[in-house]
Every structure is written in C-alpha cells, then in structure tokens.
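>>> Could you look at this predicted model? Sequence included:
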Amino acid sequence: MSRIGKMPIAIPAGVTVDIAENNKVTVKGPKGTLTRVLPAEMTIKQEGSEIVVTRPNDLKKMKSLHGLTRTLINNMVIGVTKGYEKVLEINGVGYRCQKQGKKLILSLGYSHPVEMMDPEGLEAVVEGQNKIIVKGIDKEKVGQYAAEIRKKRAPEPYKGKGIKYADETIRRKVGKTGKK
C-alpha cells in the first residue's frame, strides 16, 4: 500500500469539503476556496471529519496517482487554513526591490527596472529592500510565482549575487587565480 495514500486527511473545524462527480473537490476555509479536478480513477470519500482516498487496483500508475491525489487534497486543506509562503532574498550591490500597489519593482543591475504584477490570489510582501515574501492559499501558484521572481536574476556561483530562496544554499566556486 502507498504509505502516504492510505493516510486519512483530517478536516479541521471551519473547513468544508465538497466532492462532486468526476472527483471535483472544493475546499472552503477561513482564507478562501480552492477547487480542483482530481484523477477519476481514485475513490474519494468523506468519513466523518476525515477524507479517505482509495485506489481500484495495484497497477504502477494507480499506485503513483494514489499518493498524489491524497497530497493534493491535503495541500488544499492546509492552504485554506494556514496558507503558504515562500521567502526570497536579494543579494548584490545595488540590487533592491520595492512594492507599488500590486506591482513588484526589482532593480537587479539591468539597464531598466524589472516590473512584475502579483497574480490573482497571490500577494508579494516586501520587507526592507532585499526580502520578498510570496503569500497565497494555492501551494502550486505560490511556488510558481516565487520561481518566476527568482528567474529574473538567478544567483551566480562566484559572488552569490542574485535572487535566492531563503532556505537555499548556493554552491560557491573559486574564481580565477593570478599567474606566478
């Protein structure tokens, strides 16, 4: 059995889960509502204050979908209760960020400032001049937007300049050495 797939998902107080036909799952909570169509092969049942996901057979594809389906529902439940956030740091001389309304303005050593609009349902909060926190209820969208911000100037291995995740470590390289 899939160790993750067979674990029941506890539904906290204040969260409602609706399972429609074709495995369309809607999770409503204090922070908002998330809807997702999950693989039709899986059986999703609500038993009291828990959700249980079962698979029809032991084919390799079904085993992999089993754990995935359970994790996706769990991520939705966590998203509407606690929410998700990713922290990015900007390192480098003259590199900074600022916020104007829903627009994130990054100065990253290019000849022009890089401007990014916050996507629907997400919010980028700037702390100081070199820390960005991306917040939202959808784990996938939070991660995607954080990756798009990081892509504007990925960290380089010699001086470590660029935008990196707060929990990321950059593998440093030794630069050139002079002739003897």
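Received, thanks. Residues are numbered from 1 along each chain as shown.
>>> make it CA atoms for all contacts and neighbour counts henceforth
Noted.
>>> tell me which residues of the helix or strand containing residue 140 are tucked away?
In this structure, residue 140 sits in helix 139-151 according to DSSP states H and E. Judged by neighbour count using 16 or more other C-alpha atoms under 10 Å, the buried positions of helix 139-151 are 139, 141-143, 145-147, 149-150.
>>> can you check stretch 56-70 too?
62-63, 65-70.
>>> Direction included, what does the longest strand anywhere in the chain pair up with?
Longest strand of the chain, by residue count under DSSP state E: strand 84-91. Strand pairing for strand 84-91, using DSSP bridges, gives strand 131-136 (antiparallel), strand 162-165 (antiparallel).
>>> For this protein, just list every one of the strands.
Using DSSP E, strands in the chain cover 9-10, 16-20, 24-29, 32-37, 43-47, 50-54, 84-91, 96-100, 103-107, 114-117, 122-127, 131-136, 162-165.
>>> quick one: the longest helix along the chain to strand 50-54, angle?
Taking DSSP state H as the criterion, the chain has its longest helix at helix 60-81. Helix 60-81 and strand 50-54 are oriented at 160 degrees to each other (axes from the mean of the first three to the mean of the last three C-alpha atoms, to 10 degrees).
>>> For helix 60-81, report the contacting residues that lie outside it.
1-6, 9, 11, 15, 25, 27-34, 38-39, 41-42, 52-56, 136-139 (C-alpha atoms under 8 Å, 6 or more residues apart in numbering).
>>> repeat for stretch 42-56
Contacts of stretch 42-56 (C-alpha under 8 Å, 6+ apart): 5-12, 19, 23, 41, 62-63, 65-66, 69-70.
>>> Quick check, residue 174 in contact with residue 158.
Yes - counting by C-alpha atoms under 8 Å, residue 158 is a contact partner of residue 174 at 6.7 Å.
>>> Quick check on those two: which one has the bigger neighbour count.
Comparing residue 174 with residue 158 by neighbour count (other C-alpha atoms under 10 Å), the higher total belongs to residue 158, at 13 against 8.
>>> Tell me who's in contact with that one.
172-175.
>>> Need the phi and psi values for it.
Per-residue torsions, residue 158: phi -90, psi -50 (degrees, to the nearest 10).
>>> before we move on, back to that, now list the buried members of the contacts of helix 60-81.
By 16+ other C-alpha under 10 Å, the contacts of helix 60-81 give 5, 9, 11, 15, 25, 27-29, 32-34, 38-39, 42, 52-55, 136-139 as buried.
>>> Distance to residue 166 and pLDDT added to the buried residues of stretch 56-70, as TSV?
Converted to TSV, those look like this (distance: C-alpha to C-alpha, whole Å; pLDDT from 0 to 100):
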residue	distance to residue 166	pLDDT
62	36	91
63	34	89
65	31	92
66	32	92
67	28	91
68	27	92
69	29	93
70	28	93
